[in-house]
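K.L.:
Sequence below, structure please.
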Amino acid sequence: MALSFRLSDAEQAYLARLARLSIESGLAGRWATLPPEPECQEATAGSEATPGTLRRTLGSFVTLALQGQLRGCIGTVQGREPLYQNVWRMARAAAFEDPRFPPLTLHEWGRAALQISVLDELAPCPDPTAIEVGRHGLALQYRGRGGVFLPQVPVEQGWDQSAYLDNLCRKAGVPRGSWSAPDARLFWFEALVLPT
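P.N.:
Numbers count the residues shown, from 1 in each chain. Purely as a prediction, here's the structure:
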């Protein structure tokens, strides 16, 4: 399993600027503003980028933190729109629509850390013992409930593989060990965390 896409440094910088612009336009009250079209170069012979990556329907999560504490995190596991539009929407949603927090303020924005994770496509996890903490994100679907963790979460929490799976069940609101039930659907994916 390896990422099926690449983003050049210019494309990564564009997505970081785009996320910031989305939040800043929201703080300024410009809610109907659409994201600007990508201006960075598409891949050419010998470049690292994959043609059209910014326009692929990839999922993304945008996370905001203040002094190392979560301040907002919203995303889509599966893309339904071009990546650049998804990052635009998720940045705004993380800042202003995460139901766990009040809307981000201008004062907080000046101190906030921003992280963007671009997700590759989900695939059924063929063998839970092959899950690598820090490499694989997980999604669980079981009896109408679901939960998702980005690959960096178990590292940040200090979880081993067993704790990772137990906490995924807890996040989904199902009993511990439900990931192994015959009717459970366990997926894995990889993600590229962009420097912002």
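K.L.:
Kindly state the domain boundaries assigned to the protein.
P.N.:
The chain breaks down into these domains under automatic domain parsing: 9-120, 123-191.
K.L.:
Give me the contacts around the longest helix along the chain.
P.N.:
Looking across the chain with DSSP state H, the single longest helix is helix 9-27. Helix 9-27 is contacted from outside by 7, 31, 33, 35-36, 38-41, 49, 53-54, 62, 83-84, 87-92, 95-96, 104-106, 109, 114, 116, 118, 194-196, using Cβ atoms under 8 Å, 6 or more residues apart in numbering. Just so you know, the C-beta spots here come from the backbone N, C-alpha and C atoms, and that holds for glycine as well.
K.L.:
May I see the buried residues of it?
P.N.:
Of the residues in helix 9-27, those buried by neighbour count under the rule 16 or more other Cβ atoms under 10 Å are 11-12, 14-16, 18-19, 21-23, 25-27.
K.L.:
what's the spacing between it and its chain's center?
P.N.:
Helix 9-27 sits 15 Å away from the centroid of its parent chain (Cα atoms, centre = their mean, to the nearest Å).
K.L.:
Identify the residues contacting stretch 147-161?
P.N.:
With Cβ under 8 Å, 6+ apart as the contact definition, stretch 147-161 has outside contacts at 61, 75, 77, 117, 119, 128-129, 131, 133-140, 163-164, 167-173, 190-191, 193.
K.L.:
Not counting residues beside it along the chain, what's closest to the residue positioned nearest the centre of the chain?
P.N.:
When Cα atoms, centre = their mean is applied to the chain, the residue found nearest the centroid is residue 61 (2.4 Å). Using Cβ to Cβ, 6 or more residues apart in numbering and skipping residues adjacent in sequence, the residue nearest residue 61 is residue 75, 2.8 Å away.
K.L.:
who's in contact with the one you found?
P.N.:
When contacts are counted by Cβ under 8 Å, 6+ apart, residue 75 is found next to 59-62, 90, 94, 117, 119, 150.
K.L.:
Quick one: the strands in this protein, in order.
P.N.:
Secondary structure of the chain (DSSP state E): strands located at 59-66, 69-76, 113-119, 123-124, 137-142, 145-149, 185-189, 191-194.
K.L.:
Tell me the strands beside the last one, with direction?
P.N.:
Think strand 191-194. Applying DSSP bridges to the sheet, strand 191-194 is found paired with strand 113-119 (antiparallel).
K.L.:
and the direction of the strand it pairs with versus that of strand 185-189, what angle?
P.N.:
Computed by axes from the mean of the first three to the mean of the last three Cα atoms, to 10 degrees, the angle separating strand 113-119 from strand 185-189 equals 110 degrees.
K.L.:
Can you tell me which of the domains of the chain is nearest to residue 2?
P.N.:
With respect to residue 2, and counting by Cβ to Cβ, the nearest of the domains of the chain is domain 123-191 at 7.1 Å.
K.L.:
Can you check the distance spanned by that closest one, start to finish?
P.N.:
The first and last residues of domain 123-191 sit 13 Å apart, counting by Cα to Cα, to the nearest Å.
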